[in-house]
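Peer 1: with the sequence up front, the predicted model follows.
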Amino acid sequence: MAQVQENDAPDSSLEDFVADSDTGGRQPKDAFGRAALWYIPLVWSLYQLWIASPLPFILRVGVWNDTQTRAIHLGFAVLLAFIAFPGLKGSPRHKIPIGTWALAIVGALASSYLFYAYDGVANRSGAPNTTDVVVALVGIILLMEAARRSLGFPLMGVALFFLAYVFFGSWSGLPEVVQWKGASLNKAMSHMWLTTEGVFGVALGVSSGFVFLFVLFGALLNQAGAGNYFLKLAFAALGHLRGGPAKAAVIASAATGLISGSSIANVVTTGTFTIPLMKRVGFPATKAGAVEVSSSINGVLTPPVMGAVAFLMTEYVGISYVEVVKTAIVPAAISYVALVYIVHLEALKMNMPGTSRMHPVKFMLGAIFIIAISIVIAGGTLFLCGFIVDTLQSAVGGASTWIIVLVMAIAYIAAVRFAAKGPDLEMSLESMEHLPPTREIFKTGIHYLMPILLLMYLLMIERKSPGLSAFWSTMAMLVILATQNPLKAFFRGQSDVMEQLKAGFADIAEGLIVGARNMIGLAAAMGVAGIIVGAVTLTGIGQVMAEFVEFLSGGNLLAMLFFVALISIILGMGLPTTANYIVVSSLMAGVVVELGAQNGLIVPLVAVHMFVFYFGIMADVTPPVGLASFAAAAISKGDPLRTGFQAFFYSIRTALLPFLFIFNTDLLLIDVGPYRAVFIFIVALIAMLLFAAGTMNYFMVKSKIWESIILLLVAFTLFQPGFFLDRLQPEFETVAGAEIFDRAQAAPDNASLRVRLVGENLNGDMVDARYLLPLGESGADGTGRLFDGAGIEFREEDGKLFVDNLNFGGPSEQLGIDFDWELVELEIPADRMPKEIFYIPALLLLGFVYLLQMGRKRKQTEGAPA
């Protein structure tokens, strides 16, 4: 391990690493090259703002369909990938070679082909001409090279593997089970490049429509100084505690996660300051880096951005963005609080100094209280704003918009005036050790909270689309960047107002450029992921892989989940989180749902997608690749592999959560009311803290092995109390399938019926599985509610019920139910004791361990020298 030095600071190698990973490591010295890397990203950002705005429809200029806008989006990404990222380690970084320019322009033209040749391609649908095929072939090759430059070889390698299967899947040397007839060049290129089944599919549409704007919003927020503000606020609030810099790193990364979708970006943004300070208070280099890595990957799990996966999930799962945020919030929150607790336990184990020696239980209760109050205040503010807006609209109609804008402008000016009363926050390592009081720091950046609240309001209350919400929030950020410093200068009585205004517009340009350059690799990844998804849909390899995983797992759901997790981590070692999510969810999500149904466990699709997402994130930590760990090690001067292993140990709680919410979907707040949601959050948080204490082998004092085992058992019981109850009493009892119509008619609103169906699928295999059929609104008869809600009709033959009709694209058809399957029985909840009864023995065991450890702690305190 590298020698730890007290005053280690990030060097130029870190800047090169970040540039190579995120924005591109090429820095031309010639005027033309510099101008290209300034103007092209700027134009890309302006283009994305243009198509997201209402102006094209108002002015009737630049109104293009989704496929055309995706093509331009990819054209910009490929062009910039070639000129911003050197092709090889030995490639020049201070100039853009002529050959690179040629490849970049050809790649951009091929990528945007569907923009300028859309009408011709549409007229030739399914019958491409020679030009179409050549452009598609060149485009795919150069797109994969763009991804290799910006993201490394692994993503390109995976795409090449799937393409090879497309063309050579009929090879006799392959096992018969995976062979397929193969595809011609024309068919493959048409499918991959000229339709929305491949490159220009859902993933690139999400990248163009939503993700770019959120990444741009984060870049502008950071350019305005919000990242520095959140970091200083966290340090001022927590720096005085034991291990304070590490706790501040966790909270700062949570705040940064609101505006960034990259774990590497989170590491670099906060780690540049937090890691050296953690080392100064006593954390070894590897642990300092590992705390930052573990914090940063949690930042990607935190809504609203979630590394762009939140927006993809809305498309793939078919639920609203608000539902995605609701399912993600509890796991992300309890994981963060548990990490703060892990850091606190590390500080206690190393006997670190701190001006506050708060008891760990009091500390965690305080932290939970602060989080709860913050959520209540934020939620209350949003709902109050919604009520005021509704009232205004009812009173003054269309004029309410201008009144709201005026009120927001007044509030913003008041917030900036309040901030101008104190000095601006410095952005240096030295300033972190001499911070003003928390309240003084808080008032310097209240105006940074306004665009975040606006974003949350538009998404959560107004239920606007993610793209439109991000657009208006980004416009608010442009106003803040242009005006915050001139207004501060005015309120401070300074004479350089015009100079500050010019500097504000320079900050806008810089933010727009950084936002676009941060999108290069992500947009390329979305495009290449489209190649992989296109290969899956064209060849049917998804079903083959599903059968392979099912064979390996022996039909055991837990074993299959383990294999899916392993596949996610292995793929994630080379793929960006978003691309990993697209690939693994396309291959495995349906398999988990199907196998769960055959095991009597109904797994909601969103739970499976969250499962894949979480393990894709874990790949950013896991050695030997773990890019986030390498970034942290570059700052800490620690060993990258040891940093990665330590971060993985800290992140075990993150790896535990997906298994838990597959078997207990209450953690995702699925079909859970507000009061029960609060109860679930509290219980899950206590369970996660106990799990952290058990794995860290420290509770009130250092734990004995058997005490740690008890803590883990208590944590498991709190997470999954139904596990023990299911061994004593069955969860469901069966009734005859013929009762389905009566029970459907009598069921309350938003209810579902759990049914067991038996039949033969398209492959000729027998299926015996459980399904959850949603019901339509009450008032109709049972047949009507089944068709309205689940899109299914049954017929009776010889006293048996069979599937007679399926609504195409409806819930039942999406679940994989087929015609002529027999409805064997209904499963209704059994009348049994509440599962929460097992909390009682669990809490008694916890109390027993607590009393034992408190007794040892008192003895240690009494025996300590005065």
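Peer 2: Nice, thanks for sending it over.
Peer 1: what about dumping the CA coordinates of stretch 229-236 to PDB?
Peer 2: Taking C-alpha atoms only, stretch 229-236 is exported to PDB below (Å, rounded to 0.1, in the frame of the first residue of the first chain):
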ATOM      1  CA  TYR A 229     -22.300  24.700  -0.700                       C
ATOM      2  CA  PHE A 230     -23.600  21.200   0.100                       C
ATOM      3  CA  LEU A 231     -20.100  20.000   1.000                       C
ATOM      4  CA  LYS A 232     -19.400  23.000   3.400                       C
ATOM      5  CA  LEU A 233     -22.900  22.600   4.900                       C
ATOM      6  CA  ALA A 234     -22.300  18.900   5.700                       C
ATOM      7  CA  PHE A 235     -18.800  19.600   7.200                       C
ATOM      8  CA  ALA A 236     -20.100  22.500   9.300                       C
END
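Peer 1: on the three-state scheme, G759 is what?
Peer 2: Classification of G759 by DSSP: H, G, I helix; E, B strand; the rest coil places it in strand.
Peer 1: quick one: pLDDT of it?
Peer 2: The confidence metric pLDDT takes the value 90 at G759.
Peer 1: ok, it touching D820?
Peer 2: Yes. When contacts are counted by CB atoms under 8 Å, G759 is listed as touching D820 (6.2 Å). All C-beta spots, glycine's among them, are computed from the backbone N, C-alpha and C.
Peer 1: just give the nearest non-adjacent residue to T537, would you?
Peer 2: E197 (5.6 Å; CB to CB, 6 or more residues apart in numbering).
Peer 1: got the phi and psi for that neighbour?
Peer 2: Main-chain dihedrals, E197, degrees, to the nearest 10: phi -90, psi -20.
Peer 1: ditto for K702
Peer 2: Dihedral angles (degrees, to the nearest 10) for K702: phi -60, psi 130.
Peer 1: give me the neighbour count for it.
Peer 2: Using other CB atoms under 10 Å, the number of residues around K702 comes to 17.
Peer 1: how about R676?
Peer 2: 12.
Peer 1: go on, A411?
Peer 2: So A411, with other CB under 10 Å, has 13 neighbours.
Peer 1: spatially, what comes nearest to it if we skip its sequence neighbours?
Peer 2: Of all residues beyond its chain neighbours, the one nearest A411 is M450 (7.0 Å), with distances taken as CB to CB, 6+ apart.
Peer 1: list the contacts for that neighbour?
Peer 2: The contact partners of M450, by CB atoms under 8 Å, 6 or more residues apart in numbering, come to M408, A411, Y412, A415, A476, I480.
Peer 1: tell me which element the third one is part of?
Peer 2: Okay, so that is Y412. helix 400-420 (DSSP states H and E).
Peer 1: on that earlier part again, from the contacts of M450, pick the one nearest G596.
Peer 2: A476 (43.4 Å; CB to CB).
Peer 1: tell me the contacts of that closest one?
Peer 2: Per CB under 8 Å, 6+ apart, neighbours of A476: M450, P451, L454.
Peer 1: go with 10 Å
Peer 2: By CB atoms under 10 Å, 6 or more residues apart in numbering, the contact set of A476 is F217, L220, M408, Y412, H447, M450, P451, I452, L453, L454, L455.
Peer 1: one more: Y412?
Peer 2: I446, H447, M450, P451, A476, V479, I480, T483, Q484, L487.
Peer 1: measure the fourth one to L221 for me?
Peer 2: If I follow you right, that is P451. Distance of P451 to L221, given as CB to CB, to the nearest Å: 7 Å.
Peer 1: distance of M854 relative to E793?
Peer 2: 63 Å.
Peer 1: which elements pack onto the strand or helix carrying G644?
Peer 2: Taking DSSP H and E as the definition, G644 sits inside helix 640-650. Packing contacts for helix 640-650, counted by 3 or more CB pairs under 10 Å, 6 or more residues apart in numbering; DSSP states H and E, involve helix 285-301, helix 321-349, helix 627-636, helix 674-696.
Peer 1: got a ChimeraX select line for the buried ones in the contacts of Y412?
Peer 2: The following ChimeraX line selects those of the contacts of Y412 that are buried, judged by 16 or more other CB atoms under 10 Å:
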select :446,447,450,451,476,480,483,484,487
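Peer 1: which of the contacts of Y412 fall in strands?
Peer 2: If you go by DSSP state E, the contacts of Y412 have nothing in strands.
Peer 1: sort out for me which of the contacts of Y412 are in helices.
Peer 2: Assignment to helices by DSSP state H places the following of the contacts of Y412 there: I446, H447, M450, P451, A476, V479, I480, T483, Q484, L487.
Peer 1: could you measure from the residue lying closest to V544 once chain neighbours are set aside over to F548?
Peer 2: Of all residues not flanking V544 in the chain, V178 sits nearest, at 5.1 Å (CB to CB, 6+ apart). Going from V178 to F548 by CB to CB gives 8 Å.
Peer 1: check T196 too.
Peer 2: T196 is 28 Å from F548, by CB to CB.
Peer 1: could you do L468 as well?
Peer 2: For L468, the distance to F548 - CB to CB - is 42 Å.
Peer 1: do the same with A84
Peer 2: Applying CB to CB to A84 and F548 gives a distance of 39 Å.
Peer 1: and these two? which has more neighbours close in?
Peer 2: A84 (26 against 16).
Peer 1: you'd agree that one is up against R34?
Peer 2: No. Judged on CB atoms under 10 Å, A84 makes no contact with R34 at a distance of 11.8 Å.
Peer 1: any shared contact partners between these two?
Peer 2: With CB under 10 Å, 6+ apart, A84 and R34 have common neighbours Q27, P28, I96.
Peer 1: most neighbours of all these, which one?
Peer 2: Neighbour max across those (other CB under 10 Å) = I96, 23 neighbours.
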